[in-house]
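> have a look at this prediction, sequence included:
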Amino acid sequence: MTTPDDDPGRVTEATVSSAAFAAAFATLPTAAAIIAPDKRVVIMNDALALMCGLQPGDTRPIRVAQLAGLLELRDEDGSLFPDGSSPLVVAAAGGRIGESPMIARTVGTSEARPVLCAVVPIDDGASWRGALLTIRDRSGAGADQQALEEAQAALRVLVADRERVQAEERRRIARDLHDDLQQSLAALNMRLGMAESALDPDATEARRWLEESQRDVIDAAGATRRIIDDLRPQGLYHRPLLGALRDLTEAFRTRTGVACDLTAEPESMHEPPEEIADCIYRIAQESLTNVAKHADATAVRMRLEFTPAGPARFTVIDDGRGLDVPTAQHRVGTYGLLGMSERVRALNGHMRVTGAPGRGTTVEVEIPPGASAEGHV
């Protein structure tokens with residue numbers, strides 16, 4: 001008579017654990033096998049079976065030598081391993097290999113793929129029981145990285161195209177404002193002056209209204225000029241970048257009372273390409289706007305470096321309250337830093353913002369030579 005413990009059909013915790021392990025092992029995405037000391041492949045999962053050209057779930061017994069005849073492992077440079085040092089031999093001997101880059105090829109095919117292979121010995125604390133062999137495909141990771149880099153490059157081109165279209169549209173609007181509205185305001189002011197001169201000497205009330213109208217026209221012309229300057233910085237199109245930056249610093253000093261100095265290296269620098277000049281000018285505008293709004297600074301220093309063969313470098317340093325950069329970058333509703341970074345990245349450049357509470361803020365920009373051409377590929 002058999003007891004429940006002797007019943008071969010009884011489901012025990014051990015059999016459930018064994019079945020669960022086998023099921024989990026079979027479906028691992030990483031190719032894996034357990035190799036016994038007698039050089040048998042005790043278990044092979046589906047990923048390794050497919051890599052070897054076998055059907056998943058194939059339970060036929062196989063030895064290490066047969067496995068080597070199905071799957072060839074080579075060093076990362078494509079060379080064969082010296083005798084006794086291939087992963088399969090090391091696994092059969094109870095050795096260890098940390099995860100290492102290798103090349104795996106299914107024998108009988110020309111397909112080779114980059115993999116990461118590892119061998120870990122298995123023991124029960126007293127004796128060696130076998131080894132675990134894992135082979136992780138890294139071609140997908142490479143493809144994902146390449147796809148990410150291609151997407152980032154495409155994004156930079158899109159941003160550059162957006163900046164170009166926006167710059168062209170700003171120039172068009174500025175030109176229309178200058179050629180049409182400014183001219184119309186100037187003509188209106190002249191007519192108001194002519195009307196005033198034609199009045200009778202005793203038309204005091206009418207003269208007062210005409211004078212007020214003239215002042216309104218002059219104010220409107222001034223506001224239009226400021227809009228034009230914001231849309232298309234006149235200094236960039238009629239003078240070098242350095243001159244436009246000097247005007248910007250002078251206007252900042254006058255408006256805020258904050259000391260603002262600009263240095264250039266070399267002083268007689270060549271003019272950067274239009275896209276680089278526009279980017280640097282806009283960075284300077286946004287930086288000074290941030291200083292005026294948030295920094296509570298007493299001084300700002302700007303430095304511009306440019307040579308035709310080298311990168312364009314631009315730095316803005318203030319002595320204000322300091323910027324908590326991570327918080328500012330993730331603050332909802334603030335786009336200044338993001339917009340600045342996008343402008344620079346569109347030209348394949350780099351921008352770094354550093355700051356600390358009480359220690360001021362530094363904005364550093366570097367744009368490689370030829371960036372204007374690359375931005376419009």
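Cool, got the structure. Residues are numbered from 1 along each chain as shown.
> CA only for contacts and neighbour counts going forward, please
Fine.
> check which residues of the host helix or strand of Gly222 are buried.
According to DSSP states H and E, Gly222 maps onto helix 204-231. Using 16 or more other Cα atoms under 10 Å as the test for burial, helix 204-231 gives Arg207, Leu210, Ser213, Gln214, Val217, Ile218, Ala221, Thr224, Arg225, Ile227, Ile228, Leu231.
> number of nearby residues for the nearest residue to the first one once chain neighbours are set aside?
Closest residue to Arg207 in three dimensions, ignoring its sequence neighbours and counting by Cα to Cα, 6 or more residues apart in numbering: Glu196, at 6.0 Å. Counted with other Cα atoms under 10 Å, the neighbours of Glu196 add up to 19.
> for the helix or strand in which Glu196 is found, list the C-alpha coordinates in CSV.
Per DSSP H and E: Glu196 is located in helix 183-197. What follows is helix 183-197 as a C-alpha-only set of coordinates in CSV (Å, rounded to 0.1, in the frame of the first residue of the first chain):
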residue,chain,number,x,y,z
GLN,A,183,6.0,105.4,-43.9
SER,A,184,2.2,105.9,-43.4
LEU,A,185,2.8,107.3,-39.9
ALA,A,186,5.5,109.7,-41.2
ALA,A,187,3.1,110.9,-43.9
LEU,A,188,0.3,111.3,-41.4
ASN,A,189,2.6,113.3,-39.1
MET,A,190,3.5,115.6,-42.0
ARG,A,191,-0.2,116.1,-42.9
LEU,A,192,-1.0,117.0,-39.3
GLY,A,193,1.8,119.5,-39.3
MET,A,194,0.5,121.0,-42.5
ALA,A,195,-3.1,121.1,-41.1
GLU,A,196,-1.8,122.9,-38.0
SER,A,197,0.0,125.5,-40.1
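> who does the helix or strand harbouring Met302 touch, helix- and strand-wise?
Using DSSP H and E, Met302 sits in strand 299-305. If you count contacts as 3 or more Cα pairs under 8 Å, 6 or more residues apart in numbering; DSSP states H and E, strand 299-305 packs onto strand 259-265, strand 312-318.
> just for the stretch 101-250 of the chain, where's the confidence low?
Applying pLDDT under 70 to the stretch 101-250 of the chain flags the ranges 124-127, 140-149, 151-164, 167, 229-239.
> outline the domain layout of this protein.
For the chain, the structural domains run 14-137, 141-232, 239-377, going by automatic domain parsing.
> residue contacts, Arg40?
When contacts are counted by Cα atoms under 8 Å, 6 or more residues apart in numbering, Arg40 touches Pro61, Ile62, Arg63, Val64.
> Pro56: which of the buried residues of helix 204-231 is nearest?
Among the buried residues of helix 204-231, Leu231 lies closest to Pro56 (Cα to Cα), at 65.2 Å.
> picking up where we left off before, what is the helix holding Gly222 packed up against?
Using 3+ Cα pairs under 8 Å, 6+ apart: helix 204-231 touches helix 139-176, helix 183-197.
> could you pull out the helices for the stretch 1-150 of the chain?
13-26, 46-51, 64-70, 87-92, 139-176 (DSSP state H, counting those that start in this stretch).
> now the helices and strands packed on strand 299-305 as JSON lines including mean neighbour count, mean pLDDT and distance to Ala292?
Shown next, in JSON lines, are the helices and strands packed on strand 299-305 (neighbours: other Cα atoms under 10 Å; pLDDT from 0 to 100; distance: least, Cα to Cα, whole Å):
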{"stretch": "strand 259-265", "mean neighbour count": "16", "mean pLDDT": "93", "distance to Ala292": "11"}
{"stretch": "strand 312-318", "mean neighbour count": "22", "mean pLDDT": "95", "distance to Ala292": "10"}
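> got the ones you listed as a markdown table, with distance to Ile103 columns?
A markdown table is the format used below for the helices and strands packed on strand 299-305 (distance: least, Cα to Cα, whole Å):
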| stretch | distance to Ile103 |
| --- | --- |
| strand 259-265 | 51 |
| strand 312-318 | 43 |
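> please name whichever of those is nearest to Thr298.
strand 259-265 (6.3 Å).
> how far out from the middle of the chain is the helix or strand just after that closest one?
With elements assigned by DSSP H and E, the helix or strand that comes after strand 259-265 is helix 274-290. Its chain's C-alpha centre lies 20 Å from the corresponding centre of helix 274-290 when counted by Cα atoms, centre = their mean, to the nearest Å.
> now helix 274-290: buried residues?
Those would be 275-288, for helix 274-290 by 16+ other Cα under 10 Å.
> quick one: that helix to strand 312-318, angle?
0 degrees (axes from the mean of the first three to the mean of the last three Cα atoms, to 10 degrees).
> for this structure, which strand is longest?
What stands out as the longest strand in the chain, according to DSSP state E, is strand 112-123.
> show me what it packs onto, helices and strands only.
helix 87-92, strand 97-106, strand 128-137, helix 139-176.
> if you set the cut-off to 7 Å instead, what comes out?
strand 97-106, strand 128-137 (3 or more Cα pairs under 7 Å, 6 or more residues apart in numbering; DSSP states H and E).
> residues near Arg255, how many?
10.
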